[in-house]
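>>> this one's structure only:
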């Protein structure tokens, strides 16, 4: 019966779209997480640079 096969094909396609949607969500969450992490790391890096500059200034005095 060809009609039933068509239904299955449509369901498969919908399932694939749903999976793709999930992947995109996961990827965007991952990217958000990485950019937040990068922000935290660069802030920490800047803070460390300030600290070392202060330390160098103290030593020079």
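Perfect, thanks for sending it. Just so you know, these numbers come straight off a predicted model, no measurement behind them. Numbers count the residues shown, from 1 in each chain.
>>> low-confidence ranges in this protein?
Confidence mapping of the chain against pLDDT under 70 gives the ranges 1-7, 9-10.
>>> Quick one: the strands in it, in order.
Counting by DSSP state E, the chain has no strands at all.
>>> What ranges does this structure have for its helices?
Using DSSP state H, the helices assigned to the chain run over residues 2-60.
>>> how near is the residue nearest in space to the middle of it to residue 25?
Taking C-alpha atoms, centre = their mean, the centroid of the chain lies closest to residue 31, which sits 1.7 Å from it. Taking C-beta to C-beta, to the nearest Å as the measure, residue 31 falls 11 Å from residue 25. In this view, the C-beta of every residue, glycine as well, is placed from N, C-alpha and C.
>>> And for residue 50?
When residue 50 is compared with residue 25 (using C-beta to C-beta), they lie 38 Å apart.
>>> what does residue 34 give?
Distance, residue 34 to residue 25, using C-beta to C-beta: 15 Å.
>>> what's the answer for residue 32, then?
Summarising the geometry, the distance separating residue 32 from residue 25, computed by C-beta to C-beta, is 11 Å.
>>> next one: residue 36
According to C-beta to C-beta, residue 36 and residue 25 sit 16 Å apart.
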